[in-house]
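*Asks:* What would the 3D arrangement of this be:
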Amino acid sequence: RKHFTIDTVDEGKRITLLFEGVATRSTVYLNGCELKHNNCGYNTFEVDITDYIQYGKDNVLAVYVRYHQNEGWWYQGGGIYRHVWLVKTRSVAVDLYGVFIRATKKESNWQVFIDTEIRNELFRSVTAKAVTTLIDKHGNEVLCTYGEMCIGARDKGIAKYTAEITDPHIWDIDDPYIYTVKTDIYVNDALFDTVYDRFGFRDFEFTSDNGLILNGRHVFIY
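*Replies:* Numbering: from 1, shown residues only. Down below sits the predicted model:
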């Protein structure tokens, strides 16, 4: 059990609990209300507690765990074994793990494809704008693109958009270069959410004759 207080200034936000790992069979309660069952000890799961919070008052979170049934033949232990996060977002925000980026090489140019999943907790439809900025290790913005979409009341949608970049710094085994991806969500030009992800450019393929080809060269797998 854990006691905590949420300030009244947070009323109107979406508030969730993110459990990184609980072994094995778990049930989550808030203020005596049963909110979530999770039956796998290895997956991350989210619990929306927005409608069950007593703002400005004491809240009681309880997690009941049964760990007598193993999911593997090894000893896996039991209980909450990874972090638990309290997440606060506005009513329109990027969904959990909602940014997906992939890139395709065309000679020296790379076509970047971006999917941003946005959730709308309002009881009306909104037009959301997702702005994606690619930032190098020196803090320079090397790419900026955006997509817009209309999302229905209490619904989710995926904004799909593309951009092109020339000669990016390539990720490789000896030079694991990673860009920072900043995603901003706007509604009526007002900033509602910002999330950060990591991304690297690399080109690879597996063939039966040549094995692993990474960035145009053969690489042994040990």
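*Asks:* Reduced to three states, what does Gln54 come out as?
*Replies:* coil (DSSP: H, G, I helix; E, B strand; the rest coil).
*Asks:* That one and Tyr222: what is the separation?
*Replies:* Gln54 sits 55 Å away from Tyr222, taking Cβ to Cβ, to the nearest Å as the criterion. (Each C-beta comes from the backbone N, C-alpha and C, glycine too.)
*Asks:* Comparing those two, which residue is more hemmed in?
*Replies:* More crowded of Gln54 and Tyr222, by other Cβ atoms under 10 Å: Gln54, with 12 against 3.
*Asks:* Look at the most centrally placed residue in the chain and report its pLDDT.
*Replies:* In the chain, the centroid-proximal residue (Cα atoms, centre = their mean) is Tyr97; its distance is 2.0 Å. We have a pLDDT of 96 for Tyr97.
*Asks:* Tell me the buried residues in the helix or strand hosting it?
*Replies:* Tyr97 is part of strand 92-106, with elements assigned from DSSP states H and E. By neighbour count on 16 or more other Cβ atoms under 10 Å, the buried set for strand 92-106 is Val92, Ala93, Val94, Asp95, Gly98, Val99, Ile101, Ala103.
*Asks:* thought the last one was touching Phe113?
*Replies:* Yes. With contact defined as Cβ atoms under 8 Å, Ala103 counts as touching Phe113 (7.1 Å).
*Asks:* list the contacts for Leu17?
*Replies:* Leu17 makes contact with Val28, Glu46, Val47, Ile49, Leu61, Val84, Trp85, Leu86, Val87, according to Cβ atoms under 8 Å, 6 or more residues apart in numbering.
*Asks:* so can I have TSV of these showing secondary structure and distance to Cys150?
*Replies:* Conversion of the contacts of Leu17 to TSV gives the following (DSSP: H, G, I helix; E, B strand; the rest coil; distance: Cβ to Cβ, whole Å):
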residue	secondary structure	distance to Cys150
Val28	strand	33
Glu46	strand	25
Val47	strand	28
Ile49	coil	28
Leu61	strand	36
Val84	strand	35
Trp85	strand	30
Leu86	strand	30
Val87	strand	25
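*Asks:* a markdown table for those residues, including neighbour count?
*Replies:* Formatted as a markdown table, those follow (neighbours: other Cβ atoms under 10 Å):
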| residue | neighbour count |
| --- | --- |
| Val28 | 22 |
| Glu46 | 16 |
| Val47 | 19 |
| Ile49 | 22 |
| Leu61 | 18 |
| Val84 | 16 |
| Trp85 | 12 |
| Leu86 | 12 |
| Val87 | 15 |
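*Asks:* Show me where the protein dips below the pLDDT cut-off.
*Replies:* Within the chain, the stretches with pLDDT under 70 are 69-71, 75.
*Asks:* Nice, that's everything, thank you.
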